[in-house]
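> coords below, sequence missing:
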């Protein structure tokens, strides 16, 4: 055993036993650290869950993780800026991309009229079979049925729009839009389904019909507005995005969700910074207790520190001993805090009903059921911040202990 | 590293507005294997001299040598090493580490020195037996009497066979029987291992064990006699 190992062992023994000398004080401090760590992780999981829900919802409303369209479509989303439906070769390439799902859709401005009201809307032509993965629309159906095929002649409207139009399921409405030659195209549709969106504002504007039916209505057979691609995880879309870009001809433009919606992108970027700030704020509150505990522990042991200095322990080892004491305290507190956090988050992962504040949540684009999201990275961040800052805040008391004059310390009362 | 030489060492303390002289141009030379008592009334400078020799206090002026090493100029780390490897301390108050058992207290210095575990445990048990504490190795200081604690402190001071043991009023808190046992032990260690002892005391019974007696008063050596 080397001198260092031997010294490390005696210092560890002293640190560990000193920790339990005043078990009540240590217990209180452990409780404070555990509650602090729990708060860090639990609240982060709630915030992550909420932001994740908002982002997922926002991305579903776009929809998709990546959109392929005519370069002018975002500025002028009219039928003029449509693209050709993928041919068989392009379809095969899209199938090989590694995406969860891809689908084409038509999106044009239109007017909907009932017997009593007329409203401006986004008329969206979809491939119904793909829509579960793309926008989740089938799950949002409130009454009636979802579209059954690309040639379905029915129309799906939002509950709020139906209310505004003073119409209901089974009634006929008229849709008017323009074809590429600027001719007004119109036809009657029967409302076959009514949906309720998580973001109620969407119910007023998004109206869905089958893609082929709209192609006929708008005289754009073989053309669509967008190709929508959905990957595994919105956080890790870059490789898929790059593969897709290499696949596309110059006449098409691909945009990832964070390029389409800068608000969502900002929210995503802010979240990590927000988590770090939150963790540091809680730690700052904790650090007062930690420093106080160490200072008191040192104050009570001035004579003892003087003794071990007098016996020949180098001041550096005193620093090491105090820091080790702090580290042990932090590690035990972290273990308890992590355990409580995990135990309290796990049962809530099926969803936490916060319908009491659902209206406010809806305004932010989040649903009334919160799904806490416990990320290993957040737990690691909380643990690393507590350990690193805990050690940093312990340096001053440790340094002061090491600077004690052995003779004065021995004679301290 | 053996002979201790102090040349013209002075030390003063400030107490409020008053300057108190701790050591006043003290010259002393201690040979290896000496058994020396510093005597004198309270405030005569015994403890101050002991602390200066032990590197726990720095004189205002003068020089202190341990062998060829000038110790009054060493920095904190080097002083700590010097104390660790060459000096054993026995303080008036027992000064044990309360969270360690008797054996662990005795092993403490050896552990910092880096001695292997089984060797230091063997030495610690042997020395505890020698000071009459066999069977009490696992007791914490709070479970030992004053005399037993002092014997643990003595065991800790001598277990690694330092060149020099500095003892400040080692019998002050002991009864006459325990004092006699302790001084007998010091004498034996001095004779068997040639460990140098410098003991500050005003206990006449302790002085009777010394082979050299230095009397101090007002920070000065007033007599230095062999016995």
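Arrived safely, thanks for sending. Bear in mind the structure is a predicted one, so any value in this text is a computation, not a measurement.
> Chain B versus the residue nearest the centre of chain A, what's the distance?
Chain A has residue A:52 as the residue nearest its centroid, 2.8 Å off, counting by Cα atoms, centre = their mean. For residue A:52, the distance to chain B equals 48 Å [Cβ to the nearest Cβ, to the nearest Å]. Where you see a C-beta, it was placed from the backbone N, CA and C, and this is true even at glycine.
> I'd say residue A:59 and residue A:65 touch.
Yes - Residue A:59 lies in contact with residue A:65 (Cβ atoms under 8 Å); the separation is 6.4 Å.
> neighbour-wise, which of those two wins?
More crowded of residue A:59 and residue A:65, by other Cβ atoms under 10 Å in any protein chain shown: residue A:65, with 27 against 21.
> contacting residues for that one?
With contact set as Cβ atoms under 8 Å, 6 or more residues apart in numbering or on different chains, residue A:65 has these partners: A:59, A:229-231, A:234, A:237, A:240-241, A:256-257.
> switch the cut-off to 6 Å
By Cβ atoms under 6 Å, 6 or more residues apart in numbering or on different chains, the contact set of residue A:65 is A:230-231, A:234, A:237, A:257.
> Sketch out the low-pLDDT regions of the chain for me.
Picked chain A for this. Along chain A, the model assigns pLDDT under 70 to residues A:1, A:356-367, A:413.
> Not quite, go with chain B.
Residue ranges of chain B with pLDDT under 70: B:1-2, B:94.
> if I look at residue B:152, how far off is chain A?
Using Cβ to the nearest Cβ, residue B:152 is found at 13 Å from chain A.
> now swap in residue B:91 and tell me
Separation of residue B:91 from chain A (Cβ to the nearest Cβ): 7 Å.
> out of everything not next to it in sequence, what's closest to that residue?
residue B:168 (5.6 Å; Cβ to Cβ, 6 or more residues apart in numbering or on different chains).
> Show me what counts as buried in stretch A:227-239.
Within stretch A:227-239, the residues scored as buried using 16 or more other Cβ atoms under 10 Å in any protein chain shown are A:227-231, A:234, A:237.
> what do you get for stretch A:241-250?
Neighbour counts over stretch A:241-250 (16+ other Cβ under 10 Å) mark A:241, A:244 as buried.
> which residue sits closest to the closest residue to chain B within chain A, ignoring its sequence neighbours?
Of all residues in chain A, residue A:312 sits closest to chain B, at 2.6 Å by Cβ to the nearest Cβ. Counting by Cβ to Cβ, 6+ apart, residue A:312 lies nearest to residue B:84, which is 2.6 Å off, once chain neighbours are set aside.
> Pretty sure that neighbour sits in a helix.
Yes - looking at residue B:84 with DSSP: H, G, I helix; E, B strand; the rest coil, it is inside a helix.
> what's near enough to touch residue A:29?
By Cβ under 6 Å, 6+ apart, residue A:29 lies in contact with A:289, A:293.
> Next, it: secondary structure please.
When classified by three-state DSSP, residue A:29 comes out as helix.
> returning to what we had before: didn't the residue nearest to residue B:91 look like it was pressed against residue B:200?
Yes - when contacts are counted by Cβ atoms under 6 Å, residue B:168 is listed as touching residue B:200 (4.9 Å).
> tally of neighbours for residue 168?
Picked chain A for this. Other residues near residue A:168 come to 14 when the count uses other Cβ under 10 Å.
> The intended chain is chain B.
With other Cβ under 10 Å as criterion, residue B:168 counts 20.
> Kindly report the same for residue A:12.
Residue A:12: 15 surrounding residues under other Cβ under 10 Å.
> if we can go back for a sec, what do residue B:168 and residue B:200 both touch?
Jointly contacting residue B:168 and residue B:200 under the rule Cβ under 6 Å, 6+ apart are B:47, B:50.
> What residues sit buried inside the helix or strand where the residue nearest to the centre of chain A lies?
Applying DSSP states H and E as the criterion places residue A:52 in helix A:23-61. Across helix A:23-61, burial judged by 16+ other Cβ under 10 Å covers A:26, A:29-30, A:32-61.
> next structured bit after that helix?
With DSSP H and E, the next secondary element past helix A:23-61 is strand A:66-69.
> mind listing what that following strand pairs with, with the direction of each?
Strand A:66-69 has its sheet partners listed here by DSSP bridges as strand A:226-230 (antiparallel), strand A:253-256 (antiparallel).
> Pull the residues that contact that strand.
If you take Cβ under 6 Å, 6+ apart as the criterion, strand A:66-69 is touched by A:226-229, A:241, A:244, A:252, A:254-256.
> Just give the closest residue to residue A:245, not the sequence neighbours.
residue A:254 (5.2 Å).
> Find the closest residue to chain A in chain B.
residue B:84 (2.6 Å).
> Count the neighbours of that residue for me.
18.
> What of residue A:255?
Residue A:255 has 20 nearby residues by other Cβ under 10 Å.
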